[in-house]
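Novice: Here is a sequence together with a model predicted from it:
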Amino acid sequence: MSTDTSSLRITRPAEIDGADEILTPEALAFVEALHREFDGRRLELLAARTVKRDRIAAGGTLDFLPETREIRESEWRVAPAPEALLDRRVEITGPPSPAKMAINALNSEARVWLADLEDAAAPNWENVVGGILNLRDAARGTLAFTSPQGKAYALRTDVRRPTVVTRPRGWHLPERHVVVDGREGSGSLVDFGLHFFHTAKQLIENGEGPYYYLPKIESHLEARLWNDVFVFAQQYLGIARGTVRATVLIETIPAAFEMEEILYELREHASGLNAGRWDYLFSLIKVFRDAGDAFILPDRAQVSMTAPFMRAYTELLVKTCHRRGAFAMGGMAAVVPNRNDLEVTRAAFDKVRADKTREANDGFDGSWVAHPDLVPVCREVFDEVLGARPNQLDKLRPEVEVTAAQLLDVASAGGDVTEAGLHDNLYVAVAYTAVWLSGNGAVAIHNLMEDAATAEISRSQVWQQVRNGVVLADTGDTVTVELVRRVLAEEVDRLRGEVPAERFAAYYEPAAELIEELCTSDEYVDFLTLPAYELLG
């Protein structure tokens, strides 16, 4: 199938049943209209990211914007939340494809399901189209699946299903299977366009609506672009303006300095902000990667949410949200239970309980988990704080005052850089990338849920350590290209012994080659997923 809608072309069929129900001429015409209207601005804003980053590389820094001081100091609030989003105390995350994972999330008894088309999804064409198909069927209440072994999965009818909040890909990600005016499509506009077109009216009929998580935003101007997309989309389908609701992930360090402005730009569509902790650390490394020792993080496992610079970030987020009537959503606890190992499961529950207790006491209105077994743990913690209230928007945190210096005080993390951490980083980066290349965007590695964000931290730390000649605390060795290649070879050998030979050759070998290139090259690559996308089937 090669589908043409005026200047839009689908370059390859999605080889799944039901793809023709998603890639209809009407839906593609909408996707084309979005690209015609907004893709030029998207590309301009991506170029602006590079300009800002170049200023920092030349000795600049980040601070709150003087030109938007009036927005920060004036009184305004976001639109009131719809009924379906008033209580968000437990949100489960995961991709909408395969259908089994979507059904498990919808049956989890969480209040919200973050249906993730971004960091937890490998964007091969079947996953993209299949994810939208599953979300459409979920909205209709017809989603079902039978495994090759004959096990049937269906939506429960005895519990309240989670409100679905869909996360499209970030502004930076392309969609090569959609070409508009001869140019590769935008993953963001393809994901949003197909999802909105096929689900918005059904979701409204269900008493909910088209709700979104917006990832990787770096400025209020990028939020303004999303707001304009929402206005255009609602008008195109004849839906009341303000029906869309969006929660923005504050997961880049530039965005941390523009929280107020981001909410302001989206105020008629805003629902809240989320503390996207793992991507936030990745962004800190990326933006300040050549700024010297002051921005060298310790081993990833040593960076806790209680580090002063992370406390500054999360407390500012709660204060900002509640001042403006928006929800503050906590981040992902990476640990996952193992039903075959009671000790691992007990430790996971304890860590998640501690993490969520801190968030609930700080004023967050809810938080994320990555596994259905963790839903009761998170719910119990927030129940203790919220009681019968759906949220704690009334907790305003007037005592919180956060400066630019506090947000950038990476040294406050303490800890060490070790060879053990280097081994862990390279193992995770290769193992995750290999699984991603196989079509799966989220995987448990050593009882931690890894997605693209944690892989990005891992390979970025290695690059930064090489660039800055970091001395390892446990061995006294300096991190060099030669050391990285030696450690990488050891971890690749380890992985070779853990997976079947055919799978290793198909996915782990190209993953290892890519990670070596990214970690040892002179130039830093902004996103692992961009070169990896070229290898994705």
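Specialist: All right, it came through fine.

Novice: so which helix or strand takes in Asn227?
Specialist: helix 220-237 (DSSP states H and E).

Novice: Going by neighbour count, which residues of that helix are buried?
Specialist: Residues 220-227, 229-230, 233-234, 236 are the ones in helix 220-237 that count as buried (16 or more other C-beta atoms under 10 Å). C-beta here means a position set from N, CA and C on the backbone, and glycine is covered the same way.

Novice: for the residues you listed, which one is nearest Gly272?
Specialist: Nearest to Gly272, judged by C-beta to C-beta, of those is Ala223 at 12.9 Å.

Novice: Distance check, the closest one against Leu263.
Specialist: Separation of Ala223 from Leu263 (C-beta to C-beta, to the nearest Å): 8 Å.

Novice: Now for the two: what residues contact both?
Specialist: Taking C-beta atoms under 8 Å, 6 or more residues apart in numbering as the contact rule, Ala223 and Leu263 both touch Val248.

Novice: For the buried residues of helix 220-237, give me JSON lines that also has distance to Ala505 and pLDDT.
Specialist: Converted to JSON lines, those look like this (distance: C-beta to C-beta, whole Å; pLDDT from 0 to 100):
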{"residue": "His220", "distance to Ala505": "46", "pLDDT": "98"}
{"residue": "Leu221", "distance to Ala505": "45", "pLDDT": "98"}
{"residue": "Glu222", "distance to Ala505": "40", "pLDDT": "98"}
{"residue": "Ala223", "distance to Ala505": "44", "pLDDT": "98"}
{"residue": "Arg224", "distance to Ala505": "47", "pLDDT": "98"}
{"residue": "Leu225", "distance to Ala505": "42", "pLDDT": "98"}
{"residue": "Trp226", "distance to Ala505": "41", "pLDDT": "99"}
{"residue": "Asn227", "distance to Ala505": "47", "pLDDT": "98"}
{"residue": "Val229", "distance to Ala505": "42", "pLDDT": "99"}
{"residue": "Phe230", "distance to Ala505": "45", "pLDDT": "99"}
{"residue": "Ala233", "distance to Ala505": "44", "pLDDT": "98"}
{"residue": "Gln234", "distance to Ala505": "49", "pLDDT": "98"}
{"residue": "Tyr236", "distance to Ala505": "47", "pLDDT": "98"}
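
Novice: In these, find the pair that's most separated.
Specialist: His220 and Tyr236 (24.3 Å).

Novice: Ramachandran coordinates for the residue lying closest to Thr314 once chain neighbours are set aside?
Specialist: In space, and not counting its chain neighbours, Thr314 is closest to Ala275: 5.1 Å by C-beta to C-beta, 6 or more residues apart in numbering. Taking degrees, to the nearest 10, you get phi -90, psi 90 for the backbone angles of Ala275.

Novice: Centre of the chain to stretch 340-352, how far?
Specialist: Its chain's C-alpha centre and that of stretch 340-352 lie 25 Å apart, by C-alpha atoms, centre = their mean, to the nearest Å.

Novice: Where does pLDDT dip in this protein?
Specialist: Along the chain, segments meeting pLDDT under 70 span 1-6.

Novice: separation between the residue nearest the centre of the chain and His35?
Specialist: Nearest residue to the geometric centre of the chain (C-alpha atoms, centre = their mean): Asp119, 4.8 Å. With distances taken as C-beta to C-beta, Asp119 is found 23 Å from His35.

Novice: Between the two ends of stretch 498-512, how far is it?
Specialist: 15 Å (C-alpha to C-alpha, to the nearest Å).

Novice: Show residues contacting it.
Specialist: 430-431, 433-438, 488, 492, 495-496, 535.

Novice: now stretch 457-469
Specialist: 278, 281-282, 285-286, 289-290, 292-293, 295-297, 300, 417, 421-422, 424-426, 428-429, 432, 470, 478-481, 484, 515, 518-521, 524, 528.

Novice: at 7 Å instead, please
Specialist: 278, 281-282, 285-286, 289-290, 292-293, 296-297, 300, 417, 422, 425-426, 428-429, 478-481, 484, 515, 518-520, 524, 528 (C-beta atoms under 7 Å, 6 or more residues apart in numbering).

Novice: Taking those residues, please make a PyMOL selection of just the buried ones.
Specialist: Those of the contacts of stretch 457-469 that count as buried under 16+ other C-beta under 10 Å are selected in PyMOL with:
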select buried, resi 278+281+282+285+286+289+296+297+300+417+422+425+426+428+429+479+484+515+518+519+520+524+528
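
Novice: Just the ones of the contacts of stretch 457-469 in strands?
Specialist: Nothing among these maps onto strands, per DSSP state E.

Novice: Out of the contacts of stretch 457-469, which sit inside helices?
Specialist: Within the contacts of stretch 457-469, residues falling in helices by DSSP state H are 278, 281-282, 285-286, 422, 425-426, 428-429, 481, 484, 515, 518-520.

Novice: Of these, which pair is most distant in space?
Specialist: Trp278 and Val481 (26.0 Å).

Novice: The residue nearest to the centre of the chain: which element?
Specialist: Per DSSP H and E, there is no helix or strand for Asp119.

Novice: One more: Ala110?
Specialist: With DSSP H and E as the test, Ala110 turns up in no helix or strand.

Novice: ok so, going back, so which residues make contact with the helix holding Asn227?
Specialist: 30, 33-34, 37-38, 41-42, 45, 171, 192, 196, 200-201, 214, 217, 240-241, 243-244, 246, 248, 258, 261-262, 265-266, 269.

Novice: just the buried members of these?
Specialist: Buried members of the contacts of helix 220-237, scored by 16+ other C-beta under 10 Å, are 30, 33-34, 38, 41-42, 45, 171, 192, 196, 200-201, 214, 217, 243-244, 246, 248, 258, 261-262, 265-266, 269.

Novice: ok, the residue sitting furthest away from the middle of the chain to Ala413 distance?
Specialist: Most distant residue from the mean C-alpha position of the chain: Gly476, 35.5 Å away (C-alpha atoms, centre = their mean). Note on Gly476: its distance to Ala413, by C-beta to C-beta, is 21 Å.

Novice: ditto for Ala102
Specialist: On the measure of C-beta to C-beta, Ala102 and Ala413 end up 36 Å apart.

Novice: These two: which has the busier surroundings?
Specialist: For Ala102 versus Ala413, neighbours defined as other C-beta atoms under 10 Å are more numerous around Ala102 (26 against 18).

Novice: Could you pull up the contacting residues of the more buried one?
Specialist: Taking C-beta under 7 Å, 6+ apart as the criterion, Ala102 is in contact with Pro96, Asn134, Ala138, Leu143.

Novice: so which helix or strand takes in it?
Specialist: Going by DSSP H and E, Ala102 is in helix 99-106.

Novice: Show me the strands paired with the next helix or strand after that helix, marking each as parallel or antiparallel.
Specialist: Where DSSP H and E defines the elements, the next helix or strand beyond helix 99-106 is strand 112-116. With DSSP bridges as the test, strand 112-116 is paired with strand 90-94 (parallel), strand 163-167 (parallel).

Novice: What about the contacts of helix 220-237, which are in strands?
Specialist: Leu214, Ala246, Val248.
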